[in-house]
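Asker: all I have is the shape, not the residue letters:
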């Protein structure tokens, strides 16, 4: 597929036609390639872009969020491979073929913005955040220096400051947006380690004492993943028992710290979770903070999920004591509906610990002889090099909605969870695991055939197969998506996640009706 | 800013009006919040979305890539804070105010897609990739399970396989897309460590021997950052000398490995760079691979920048031997112009090392009793939890252009670098650091006042101040952006990065003319 020099010469010359007259310069050819003409298919793309944007607005926004449409059009991997023609070839395709590929991609993708998608800790369509993310895609910024991303550098700073204010750090602090909550939690672990023994940055852990960390059995899996990655080791993650509601038991934490000290290890990090992934439990932060202070241990709060409650006067008591944390992870891409991803890592420290921990002072980015205040070059606080300005998606949305509407959104999600739990209690064949503390509601659906078996030895074994069977059917029908899992000795149950203000009681009722429809013959 | 129930009742009822008739259900109120009506400002957004998309297409695509417009409209941090009104308040703003914020954000942002932006290792506007990224933003997928991201799971797999084919791994391998090249390099280090001593995942490094790694002094800073993060320590990064062109000296590598062994350390990882950040040098992969094989050390190739040359029959010799690497990092978001970010981490191993190294088997995501083949749930290969389907931005672009045009794009960038270097040699007052090996060209501009000082003791000291002064002026004029840095004992010089086919010889000539205009009085 060589393009000849003659073909090139027919192309758009707009960059050299500044005078308004068409210009025909003599061709400059290097290694047989004419380089004073511009490559086709790049500048001439306005009509393609307009057409695609229309398809996206119609299919990926309007139709995808329409409750009358399917949440997903299920195809097995084998069928979907056939349908999509995935292979990458030497020849390109026409614009109309590419537009069809856009339509197909949208068609066979799961509609996570659909009002009946309850499968993850995010949902719903946020138009302001979406627009912000498209601006970011079009501008292609990377957030390391003020000179390359002036607006986004300042926006990140403003958003971080506001989030710290909500946490209650009256004197501010420091922070950075990361590519997801797992990375924010990882930053916390690394920063706590650096704070405790800064030598590790240079000398590594092989000469260090055994460092141990503490987290509840209900915590997110990123804590263990980070411990493995950072060379701490998953066996040095001491797992604290939690109560029947999924909250860390402070006395169990303190006992475990004492045990660890007796073993000659160095406890340096406690992770408390504000809104656990499955049960939505909030660890008792005040009591945990007391213990951390007493033992001089870094307290990190993983508020990726539950942090949104800080927006609400009614629900922020769930995070009482969070201002005493040394660091916080909080994902506005979850309950606040910012486009994926948007995860803040926040630190109370104001002595440039974050910068010192991660910096490497690359000469080609962080020159110290720049003509502006280089404290605005925040990239060396990050482990990433190129980094997307995720804070902008939160900022523009907040500007449009105000805190007032964000607060309402959170209150509404909590109210919806309460409503949904009530319905479960009132309906025959549904059983709540426990009263929800956050906006995830966990429950079993018990088909008629099992209702008289309660107490029978086979009951739980049979019930265990119900959720996967219903899940398969709902995916194939495409009517809704709700996740299931086991938990400790509990057999498979559903976890309904309520986030989006585009969900009404009708949708909640539909979920329960549909579960019964799909599962009543099991 | 409470909204009353009456206000809610005026809102859009479309989700319950499936019959076509307006429906007025009795209000369901929980904690004072009506939850059977849908929140305003979310569903009613079609006109806002259309208007914003028009602004984005006009200002952030068309105008931002127009050579007659400025690359940046410089404002100091203080001025820009005034202009932007960054504060986040309780009250929201009107749609017209938000549209103005979109315009302002675009206006004061640096136009990295402008034909005169040469400041980083990415540039240019790629319409197909842009459309793909907007589809992703609108659909809000997260790539951990097939059930939530069926299309993007298969696309990622297809793209990884094609990239492995280009590397020359005829029997395939494994891989995953990461949030940037730093993360891809970090994965390599972690995987190599797990391969060498799998116990570290559980037991950590405190009981392990001293592990050391090798990389050239020209490598990307993410290698040292990763060593710090992973608990290996920056002092255990043994820095191999490179030759005057910036290429790792294989004999120096072997000597250093012998030294390390004599010190009683365990050498387990060599990073070779294919396209260094500043000089664009390619390390000699065949000779390095020989040494790694002999000493049984994991060979990682950081081809984030130079990997694009694998597309070209003319230039792929630069990476000769890459198929012998154990792992490769390669960023299509650089020379191939995929929208930020798009970084592949590729592994030759086929024994599920990647999965074993990173997995934690979260019960709520990676259920084993699903109704489809769970080997398509690739999320546990990643350290991230939610992860964006960056491969799709590469896939759709490749489908549109074909390998033929991608190859031409790479050949053209190399030809453009050759042209630019020729111009420097021909012009008075310009001096090349060295012949370019990749498409970054490093050079000094020597103002007339210094031209007779060559050889004088003050020459280099004075020249050192020239690039920062010209940089300040070009930013304030807004005519172009080119980065500068020092390198070893070399004083500040410019690094011109040629990537985009939207750049012509006229733009290259302009850079040299403009540097002279801006710096001739220095």
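Answerer: Perfect, thanks for sending it. Computed from a predicted model, the values in this text were never measured in an experiment.

Asker: and residue A:293, backbone torsions?
Answerer: The phi/psi pair for residue A:293 (degrees, to the nearest 10) reads phi -60, psi -40.

Asker: number of nearby residues for it?
Answerer: Residue A:293: 11 surrounding residues under other C-beta atoms under 10 Å in any protein chain shown. From N, CA and C alone the C-beta is placed, and that goes for glycine too.

Asker: in space, what's closest to it - neighbours in sequence excluded?
Answerer: residue A:324 (7.6 Å; C-beta to C-beta, 6 or more residues apart in numbering or on different chains).

Asker: and stretch A:30-37, which residues are buried?
Answerer: A:30, A:33-37 (16 or more other C-beta atoms under 10 Å in any protein chain shown).

Asker: quick one: is it near chain B?
Answerer: Yes: Stretch A:30-37 is in contact with chain B by C-beta under 8 Å from any C-beta of the partner chain, via A:30-31, A:33, A:35-37.

Asker: least confident of those residues?
Answerer: Of all the residues of stretch A:30-37 next to chain B, residue A:37 has the smallest pLDDT value, namely 69.

Asker: wait, is residue A:267 part of a strand?
Answerer: Yes: applying DSSP: H, G, I helix; E, B strand; the rest coil, one finds residue A:267 inside a strand.

Asker: contacting residues for it?
Answerer: A:212-214, A:238, A:257, A:260-261, A:295, A:297 (C-beta atoms under 8 Å, 6 or more residues apart in numbering or on different chains).

Asker: now, of these, which are buried?
Answerer: Buried, going by 16+ other C-beta under 10 Å: A:212-214, A:238, A:257, A:260, A:295, A:297, out of the contacts of residue A:267.

Asker: how close does the residue lying closest to residue A:145 once chain neighbours are set aside sit to chain B?
Answerer: Among residues not flanking residue A:145 along the chain, residue A:377 sits closest, at 4.4 Å (C-beta to C-beta, 6+ apart). Separation of residue A:377 from chain B (C-beta to the nearest C-beta, to the nearest Å): 11 Å.

Asker: isn't residue A:377 up against residue A:144?
Answerer: Yes: in this structure, residue A:377 is within contact of residue A:144 by C-beta atoms under 8 Å, at 6.7 Å.

Asker: distance of residue A:440 relative to chain B?
Answerer: 10 Å.

Asker: that residue: neighbour count?
Answerer: 23.

Asker: ramachandran coordinates for residue A:461?
Answerer: phi -60, psi -40.

Asker: which residues does it contact?
Answerer: So residue A:461 contacts residue A:491 (C-beta under 8 Å, 6+ apart).

Asker: distance of it relative to residue A:454?
Answerer: Separation of residue A:461 from residue A:454 (C-beta to C-beta, to the nearest Å) stands at 13 Å.

Asker: now residue A:66
Answerer: 40 Å.

Asker: with neighbour numbers in mind, choose between those two.
Answerer: Neighbour count, other C-beta under 10 Å: between residue A:66 and residue A:454, residue A:66 has more, with 16 against 11.

Asker: please enumerate the shared neighbours of residue A:377 and residue A:144.
Answerer: Joint contacts of residue A:377 and residue A:144 (C-beta under 8 Å, 6+ apart) are A:365-366.

Asker: burial of the nearest residue to residue A:386 once chain neighbours are set aside, as a residue count?
Answerer: Nearest non-adjacent residue to residue A:386, counting by C-beta to C-beta, 6+ apart: residue A:142, 4.1 Å away. Neighbourhood size, residue A:142 [other C-beta under 10 Å]: 24.

Asker: report how many residues lie close to residue A:321.
Answerer: Around residue A:321 there are 20 residues (other C-beta under 10 Å).

Asker: that older thread, TSV please, covering the buried ones among the contacts of residue A:267 and showing secondary structure.
Answerer: Listed next are the buried ones among the contacts of residue A:267 as TSV, based on three-state DSSP:
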residue	secondary structure
A:212	strand
A:213	strand
A:214	strand
A:238	strand
A:257	helix
A:260	helix
A:295	helix
A:297	coil
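
Asker: of those residues, list those near chain B.
Answerer: Counting by C-beta under 8 Å from any C-beta, no member of the buried ones among the contacts of residue A:267 is near chain B.

Asker: and the residue nearest to residue A:306 when sequence neighbours are not counted, how many residues sit next to it?
Answerer: Once flanking residues are discounted, residue A:306 sits nearest to residue A:275: 2.3 Å by C-beta to C-beta, 6+ apart. Counted by other C-beta under 10 Å, the residues lying close to residue A:275 total 30.

Asker: helix or strand for the closest residue to residue A:519 other than its chain neighbours, which one?
Answerer: Closest residue in space to residue A:519, ignoring its immediate chain neighbours: residue A:470 at 4.4 Å, by C-beta to C-beta, 6+ apart. Under the criterion of DSSP states H and E, residue A:470 resides in helix A:466-477.

Asker: packing partners of that helix?
Answerer: Secondary-structure packing of helix A:466-477 (3 or more C-beta pairs under 8 Å, 6 or more residues apart in numbering or on different chains; DSSP states H and E): strand A:440-445, strand A:481-487, strand A:490-497, helix A:505-519.

Asker: the second one versus helix A:466-477: what angle between them?
Answerer: Using axes from the mean of the first three to the mean of the last three C-alpha atoms, to 10 degrees, one finds that strand A:481-487 and helix A:466-477 are set 160 degrees apart in direction.

Asker: strand A:481-487 pairs with which strands, parallel or anti?
Answerer: Sheet pairing here is set by DSSP bridges, and for strand A:481-487 it gives strand A:117-118 (parallel), strand A:490-497 (antiparallel).

Asker: dihedrals phi and psi, the closest residue to residue A:336 other than its chain neighbours?
Answerer: Of all residues not flanking residue A:336 in the chain, residue A:308 sits nearest, at 5.2 Å (C-beta to C-beta, 6+ apart). Torsion angles at residue A:308 (phi, psi; degrees, to the nearest 10) stand at phi -60, psi -30.

Asker: do you know how far residue A:308 is from chain B?
Answerer: From residue A:308 over to chain B the distance is 15 Å, taken as C-beta to the nearest C-beta.

Asker: repeat for residue A:115
Answerer: From residue A:115 to chain B the distance is 6 Å (C-beta to the nearest C-beta).

Asker: thanks a lot, catch you later.
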